[in-house]
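Asks: Output the structure for:
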Amino acid sequence: MAILLPGGAGYIGSHTAIELLNKGKEVIILDNFSNSKPEVLEKIKQITGKDFKFYELNYLNKEGLEKVFQENNIEAVINFAGFKAVGESVKKPIEYYTNNISGALTLLDVMREYNCKKFIFSSSATVYGEPETIPITEECKVGGTTNPYGTTKLFIERILKENSDLNQEKVIALLSNFNTFNIQYDQLCHDLITFIKIFQPDKEEIRIYKTEELIELLEAKVNEVSN
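Replies: Below you'll find the predicted structure:
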């Protein structure tokens, strides 16, 4: 029984693939490299010493998804696919609604067709909008999203909840991710600059500081304000 990872070559997806492979799970990665690089797949194999199936495919492609399910015994899906830049979503709302929501619906439709009932959705903390309290907890109210990216995640969460209410046999989990970074595998798996540019696409220059340099910079700013 395999676990399908749409968007599995992306940042969180690739880290999840590594952990699953290290635990002896059968993993299938599906990605079209819109937010990732093909070389990540080989690096996952280097880190884990294990092989896995890969399909280069957009999850909007229903026929392609059906082929994946026909060729494999898929037990569960962890969905990392979708566009994910807040700033870009404001400039390209139609593209975000089409890709993220229609892609998720296509995936869920194929899962239903092949009786796959376990689904984990990689959502976002943006579903909380302007949070009522900090830190945010699972008890915080969702809604009031401030950008199309967050709204797509919120809509998909609602779709999943309503779908789950209709079918009690389904197992659905939501992961409301904040910005994530894991140094353990990143020297092999991902370019830090590329990772940051996903969240800051309009920045022409990005500076990376070591901890000591950052402390010195902050101290200088404090002294500047104090004077």
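
Asks: how much space between the residue positioned nearest the centre of the chain and L107?
Replies: Closest residue to the average C-alpha location of the chain: F80 at 3.6 Å, with C-alpha atoms, centre = their mean. Distance, F80 to L107, by C-beta to C-beta, to the nearest Å: 11 Å. C-beta: built from backbone N, CA, C; applies to glycine.

Asks: and if you look at E139?
Replies: Taking C-beta to C-beta, one finds E139 at 28 Å from L107.

Asks: Show me where this protein has its strands.
Replies: According to DSSP state E, the chain carries its strands in the segments 2-6, 26-31, 53-56, 74-79, 118-122, 171-175.

Asks: Indicate which one of those strands is closest to L41.
Replies: Across those, L41 has its closest neighbour in strand 53-56 (5.8 Å, C-beta to C-beta).

Asks: Just confirm the residue nearest to the centre of the chain contacts G10, I think it does.
Replies: Yes. Using C-beta atoms under 8 Å, F80 makes contact with G10 at a distance of 5.5 Å.

Asks: contacting residues for the nearest residue to T98 once chain neighbours are set aside?
Replies: Of all residues beyond its chain neighbours, the one nearest T98 is L60 (7.9 Å), with distances taken as C-beta to C-beta, 6 or more residues apart in numbering. Taking C-beta atoms under 8 Å, 6 or more residues apart in numbering, we find L60 in contact with T98, N99, S102, G103, T106.

Asks: repeat that with 7 Å
Replies: With contact set as C-beta atoms under 7 Å, 6 or more residues apart in numbering, L60 has these partners: N99, S102, G103, T106.

Asks: In those, which residue is surrounded by the most others?
Replies: G103 (23 neighbours; other C-beta atoms under 10 Å).

Asks: nearest spatial neighbour of that one, skipping sequence neighbours?
Replies: Y59 (4.6 Å).

Asks: my guess is the one you found contacts L107, does it?
Replies: Yes. Using C-beta atoms under 7 Å, Y59 is in contact with L107, at 5.4 Å.

Asks: tell me, what's touching those two both at once?
Replies: Common neighbours of Y59 and L107, counting by C-beta under 7 Å, 6+ apart, are P6, L65.

Asks: What's the local residue count around I44?
Replies: I44 is flanked by 26 other residues according to other C-beta under 10 Å.

Asks: And the residue nearest to T98, how far from G10?
Replies: As judged by C-beta to C-beta, L60 and G10 stand 16 Å apart.

Asks: Please apply the same query to V90.
Replies: Taken as C-beta to C-beta, the span from V90 to G10 is 21 Å.

Asks: Check I29 too.
Replies: I29 is 10 Å from G10, where distance means C-beta to C-beta.

Asks: Now do the same contact list for S102.
Replies: L60.

Asks: Distance check, it against A125.
Replies: Distance, S102 to A125, by C-beta to C-beta: 23 Å.

Asks: tell me which residues of the longest helix seen in the chain are tucked away?
Replies: With secondary structure taken from DSSP state H, the chain has its longest helix at helix 148-166. For helix 148-166, the neighbour count (16 or more other C-beta atoms under 10 Å) marks P148, Y149, G150, T151, T152, K153, L154, F155, I156, E157, L160, S164 as buried.

Asks: can you name the two of these that are farthest apart?
Replies: P148 and S164 (24.5 Å).

Asks: circling back: I'd like the mean pLDDT over the longest helix of the chain, please.
Replies: Mean pLDDT, helix 148-166: 84.

Asks: Show me the helices in the protein, by range?
Replies: 11-22, 39-48, 62-71, 86-91, 93-96, 103-113, 148-166, 183-189, 192-199, 211-226.
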